[in-house]
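J.: Quick one, what's the 3D model for this:
(2 chains, ligands or ions: 1)
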Amino acid sequence: MSELLSKIAGCVERGKINATSPYPPDLKGQEGADELTQKALKENIAPQQILSEGLVIGMRNIGVKFRDNKVFVPDVLMAAKAMNAGMKHLKPFFLSGAVQRKGKFIIGTVAGDLHDIGKNLVSMIIEGAGFEVIDLGVDVPTEKFIKAVQEHPTAFLGLSALLTTTMINMEKTVKAVKAAAPATKVLVGGAPLTQEFATQIGADSYSADPQGAVDFLNKAA
Amino acid sequence: MISICQEIARGRILVSDGAWGTFLQQKGLQSQECPETWCLTHRADGLDIAKSYIEAGADMVETNSFGANRIKLAQYGLESSAVELNMAAAAISREAAGSDHYVIASMGPTGKILMMGEVSEAAVYDAYAEQAAALCKGGADGLCIETMSALDESEIAVRAARQNSTCAVICTFTFQKTIDGQYRTMMGVSPAEMAAALGAAGADIIGTNCGNGIEGMIPIVNELRAAAPERPILVHANAGLPVLKGTTVTYPESPEMMAGNIALLVAAGAAIIGGCCGTTPAHIRAMAQAVKKMRR
Ligand code: B1M
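T.: Modelled structure (predicted):
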């Protein structure tokens, strides 16, 4: 891997956006994911390689540290900001097809539930793993999930719930999605869930943290 | 009646109330409803909750105003009702508390992350200033800024409460245990960091709420006490995290179990002890009896 790409990965992991960003203090004034991604494109490194050996590595590293409680929510949010700063230079190549994403991932917090911090982190880390993410937001009714999987038949579906009361309703959503689009793989997560509950409601995968969801998607895609 | 802080300065251990959210749900609040609207539509239910905690032996009651800041209310399109809802919330608990018990009015997080630029600092200050002023006007003695996890948002809330009310200002954080056994909020803040920052921001009382049951509160109080030896500490512990049995949700910790930890919490440095999600009047009664025993 080129030195430039590992520098990009480092910027993402540390949440270093660009030269003017004051965060993190010890990298003040240095170039960030923004400038370095442009530099890599100018040096004719393939966009696909910039994504998979630069940006994705950075997000994977922060995802693992987050899972292990070595870093916390702000660190992941900053990393995602840095990733987006690099990603915006790759957007034209996504559109032209020069860069292929691994797959599509639809996610939302289930009906009656307004918690979105955990769901957003899952979105960011999955996008950072090279997937296209379609975020339906919070308090998403079952019909909206069904409409989305019908529009994107190859997509994976992720459901998040933070309340024990809304978690119970996940079963209906999983059943309805499976009835409408049997091939759709459904991932569930959120603090009150357990593997046992996920199995019982017929979900294809449960994970306690975003990294676990990435591991499942990487295998399944 | 002397102030909450004066009572604590005299060495008195005070008992706070138990859950409001889960109590309202029991009375029929649905998960898609805005709980604070019940201050206007179901006044008698709120009054009943507050009264049942006073009868159980609490020295103070909270209010149904946790989510009644205009930023959070905007999710229901109710931002213009902020003043009315907060005044009603405080007035209900005031009526139950009378003149010989305290009202500590609940103020929860905005639900937005400042460091991500989701809202401006000025908007957060204005929302808390409006809420604090209305709760004070409605009759609150103290303002309890609770379930917080970010320092920046909490410092603004404490300042807004200080500058726009005459109430005692309380601020409590929600900590979780990390894999290596330390306590941190989801934003990465430790009890020691919280104690230093909130004291500097002007909180009269600091503490912890929510969490994962009452035993976990003891090491948190120890850390708060070490970092801020003089500042009174409040604990609102939940009755453990909810577990699902079939289709019913239950909280694992019994009144006796929670009451059995009171002496340890007081020894660690807590001055006010009450409950959070899942606790009931029965929990508060058992806790109040445990405190009474210690007072003798
Ligand atoms: C698809 O695959 C996957 C895979 C992994 C997935 C996944 C999907 N989704 C999540 N994951 C996993 O990855 C994420 C990253 O690691 C993780 O996500 P988490 O969301 O778990 O973790 C986040 C990174 C950080 N954690 C959080 O963001 C939640 C933190 C706590 C403090 C919390 C917060 C912040 C809030 N809350 Co609420 N809140 C609490 C929480 C208590 C706590 N200490 O955990 C909890 C969740 N809340 C609770 C309650 C009761 C409520 N809350 C409410 C409101 C709020 C705020 C708005 C104030 C705010 C949300 C802000 C927001 N924008 O999301 C109310 C409900 C509103 C509603 N209808 O949804 C209200 C009802 C309170 C009230 N009386 O108004 C409790 C739920 C109890 C239960 N099990 O039923 C609670 C556990 C507190 C408690 N101890 O009682 C994993 O779960």
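J.: where does residue B:129 land in three-state SS?
T.: Classification of residue B:129 using DSSP: H, G, I helix; E, B strand; the rest coil returns helix.
J.: Which pLDDT value does the model give it?
T.: On pLDDT, residue B:129 comes in at 98.
J.: Does it touch residue B:162 like I think?
T.: No. Residue B:129 lies out of contact with residue B:162 (CB atoms under 8 Å); the separation is 10.0 Å. C-beta: built from backbone N, CA, C; applies to glycine.
J.: which stretch of helix or strand covers the residue most central in space within chain A?
T.: What sits nearest the mean C-alpha location of chain A, by CA atoms, centre = their mean, is residue A:126, with 2.1 Å. Residue A:126 belongs to helix A:117-128 when elements are defined using DSSP states H and E.
J.: do the same with residue A:202
T.: Judged by DSSP H and E, residue A:202 forms part of no helix or strand.
J.: any idea how far it lies from the ligand?
T.: Distance, residue A:202 to the ligand, using CB to the nearest ligand atom, to the nearest Å: 14 Å.
J.: Residue B:274 too?
T.: 14 Å.
J.: List the contacts of the residue nearest to that residue when sequence neighbours are not counted.
T.: Nearest non-adjacent residue to residue B:274, counting by CB to CB, 6 or more residues apart in numbering or on different chains: residue B:16, 2.6 Å away. Residues in contact with residue B:16 (CB atoms under 8 Å, 6 or more residues apart in numbering or on different chains) are B:58-62, B:104, B:234, B:236, B:272-275.
J.: Could you find the closest non-adjacent residue to residue B:135?
T.: In space, and not counting its chain neighbours, residue B:135 is closest to residue B:105: 4.0 Å by CB to CB, 6+ apart.
J.: Next up, the contacts around the one you found.
T.: So residue B:105 contacts B:62-63, B:65, B:86, B:89-90, B:93, B:135, B:138, B:140, B:142-144, B:167 (CB under 8 Å, 6+ apart).
J.: Repeat that for residue B:178.
T.: Applying CB under 8 Å, 6+ apart, one finds that residue B:178 lies in contact with A:69, B:184.
J.: circling back: need the per-residue pLDDT for the residue nearest to residue B:135.
T.: Note for residue B:105: predicted pLDDT of 98.
J.: just checking, it is part of a strand?
T.: Yes. Per three-state DSSP, residue B:105 lies within a strand segment.
J.: Tell me which residues of the strand or helix carrying residue B:285 come out buried.
T.: For residue B:285, the element it lies in under DSSP H and E is helix B:281-295. Neighbour-count burial for helix B:281-295, counted by 16 or more other CB atoms under 10 Å in any protein chain shown, picks out B:281, B:283-288, B:290-291.
J.: what's that helix in contact with?
T.: Helix B:281-295 is contacted by residues B:12-15, B:17-18, B:52-53, B:55-58, B:239, B:253-256, B:258-260, B:262-263, B:266, B:273-275 when judged by CB under 8 Å, 6+ apart.
J.: Of those, which belong to strands?
T.: Counting by DSSP state E, the part of the contacts of helix B:281-295 found in strands is B:14-15, B:273-275.
J.: So which bits of stretch B:51-63 are buried?
T.: The neighbour-count check on stretch B:51-63 (16+ other CB under 10 Å) flags B:51-54, B:56-63 as buried.
J.: from those residues, which two are the most distant?
T.: B:57 and B:63 (18.8 Å; CB to CB).
J.: okay, and the helix or strand of chain B with the least pLDDT?
T.: When each helix and strand of chain B is scored by mean pLDDT, DSSP states H and E, strand B:243-245 comes last, with a mean of 84.
J.: Any figure for the gap between the residue nearest to residue B:274 and the ligand?
T.: From residue B:16 to the ligand the distance is 16 Å (CB to the nearest ligand atom).
J.: Let me know the pLDDT of that residue.
T.: Residue B:16 is given a pLDDT of 98.
J.: how far away is it from residue A:134?
T.: Distance, residue B:16 to residue A:134, by CB to CB, to the nearest Å: 44 Å.
J.: next one: residue B:146
T.: 35 Å.
J.: Who has more neighbours out of those two?
T.: Taking neighbours as other CB atoms under 10 Å in any protein chain shown, residue B:146 and residue A:134 compare with residue B:146 leading, 26 against 16.
J.: Surely that one is in a strand?
T.: Yes. Applying three-state DSSP, one finds residue B:146 inside a strand.
J.: Go ahead and confirm residue A:139 touches residue A:115.
T.: No. Using CB under 8 Å, residue A:139 is not in contact with residue A:115; the gap is 9.8 Å.
J.: Now do the shared contacts for these two.
T.: Shared contacts of residue A:139 and residue A:115, counting by CB under 8 Å, 6+ apart, come down to residue A:109.
J.: Name the spans of chain A whose pLDDT lies under the cut-off.
T.: By pLDDT under 70, the low-scoring segments of chain A are A:1.
J.: and with 90 instead?
T.: Counting by pLDDT under 90, chain A has low-confidence residues at A:1-2, A:22, A:91, A:94-100, A:112, A:114, A:164-165, A:169, A:221.
J.: Right, and chain B sits closest to which residue of it?
T.: residue A:72 (3.1 Å; CB to the nearest CB).
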